[in-house]
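Asks: Fold the stuff below for me.
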Amino acid sequence: MGGVVATRGDWGWFVEGSYAGLGGEDSINISVFPGAPAGGADIDMEIDVEQTVLSFGAAYRLMQTDDYSLYGTLGGRYLGIETELIADGPLQARRLREYQDSWDLTIGLNGRVHLDKKWFAPFTVDIGAGESNLTWQAWGGVGYQFGRSDLVFGYRHMEWDLGKDGLISEYALSGPALLWNHRF
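Replies: As a prediction, the model looks like this:
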């Protein structure tokens with residue numbers, strides 16, 4: 001994951017992106033008839049999922065004091081998911097492959113609460129829709145500023161309701177994050 005934020009006066013812009021590829025394989029045994037003795041058919045399964053997320057937009061400073069800053073954001077979010085499922089059985093192999101993408105408009109808030117001269121708590125929340133029925137994210141953390149840089153540890157959750165048309169109808173990303181920021 002990487003991103004760039006730029007500000008000038010009350011205005012700012014941002015862009016960030018991430019990519020992840022996950023996969024796995026396993027073998028299962030399926031009985032041909034319910035209640036049949038052990039034996040059945042062995043089926044080898046493999047699944048691969050690749051996802052790309054891109055968020056971008058503009059920000060306007062709504063408030064700033066010595067204790068906190070608050071920006072309103074308006075932007076977009078792109079989600080691309082490629083899913084491949086392969087099932088190889090005794091009679092034949094099946095392959096299912098689908099690519100889904102979603103472009104959405106988002107609106108939200110981004111800010112920073114200053115805990116003291118060095119420590120702060122950043123946060124972001126947004127919500128949107130477009131090609132998805134709904135997308136939203138929440139991010140929060142705690143950071144330490146040193147010189148023109150800071151180090152932040154936090155947690156982020158992003159979610160999409162993609163509707164019933166594709167192989168994947170709901171998608172979510174969650175987890176901890178460690179960030180290093182540098183101001184030029």
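
Asks: what stretches of the protein score poorly on pLDDT?
Replies: Along the chain, the parts satisfying pLDDT under 70 run over 31-39.

Asks: hey, where'd the strands end up in it?
Replies: In the chain, the strands defined using DSSP state E lie at 2-8, 11-30, 41-64, 68-88, 93-114, 119-130, 134-146, 149-161, 170-182.

Asks: would you turn those into JSON lines with mean neighbour count?
Replies: Where C-beta positions appear, they are placed from N, C-alpha and C, glycine not excepted. Formatted as JSON lines, these follow (neighbours: other CB atoms under 10 Å):
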{"stretch": "strand 2-8", "mean neighbour count": "11"}
{"stretch": "strand 11-30", "mean neighbour count": "12"}
{"stretch": "strand 41-64", "mean neighbour count": "16"}
{"stretch": "strand 68-88", "mean neighbour count": "17"}
{"stretch": "strand 93-114", "mean neighbour count": "15"}
{"stretch": "strand 119-130", "mean neighbour count": "17"}
{"stretch": "strand 134-146", "mean neighbour count": "17"}
{"stretch": "strand 149-161", "mean neighbour count": "16"}
{"stretch": "strand 170-182", "mean neighbour count": "12"}
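
Asks: who's in contact with residue 155?
Replies: Going by CB atoms under 8 Å, 6 or more residues apart in numbering, residue 155 touches 139-141, 174-177.

Asks: Sorry, slip of the keys, the one I care about is residue 120.
Replies: If you count contacts by CB under 8 Å, 6+ apart, then residue 120 has 112-114, 142-145, 150 around it.

Asks: Tell me the one among these nearest to residue 42.
Replies: Residue 42 lies nearest to residue 142 out of these, by CB to CB, at 50.2 Å.

Asks: these two touch, right, that closest one and residue 151?
Replies: No. With contact defined as CB atoms under 8 Å, residue 142 does not count as touching residue 151 (9.8 Å).

Asks: Just list whatever residues bridge to the residue lying closest to residue 109 once chain neighbours are set aside.
Replies: Spatial nearest neighbour of residue 109, chain neighbours left out: residue 125 (5.5 Å); criterion: CB to CB, 6 or more residues apart in numbering. Counting by DSSP bridges, residue 125 is bridged to residue 109, residue 138.

Asks: do the same with residue 59
Replies: Here residue 59, judged by DSSP bridges, has bridge partners residue 12, residue 73.

Asks: how about the closest residue to residue 146 other than its chain neighbours, what does it touch?
Replies: Closest residue in space to residue 146, ignoring its immediate chain neighbours: residue 118 at 7.2 Å, by CB to CB, 6+ apart. Shown in contact with residue 118 (CB under 8 Å, 6+ apart): 144-146.

Asks: just to revisit the earlier point, any chance of the contacts of residue 155 in TSV, with distance to residue 183 too?
Replies: Listed next are those as TSV, based on distance: CB to CB, whole Å:
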residue	distance to residue 183
139	19
140	21
141	17
174	28
175	26
176	23
177	19
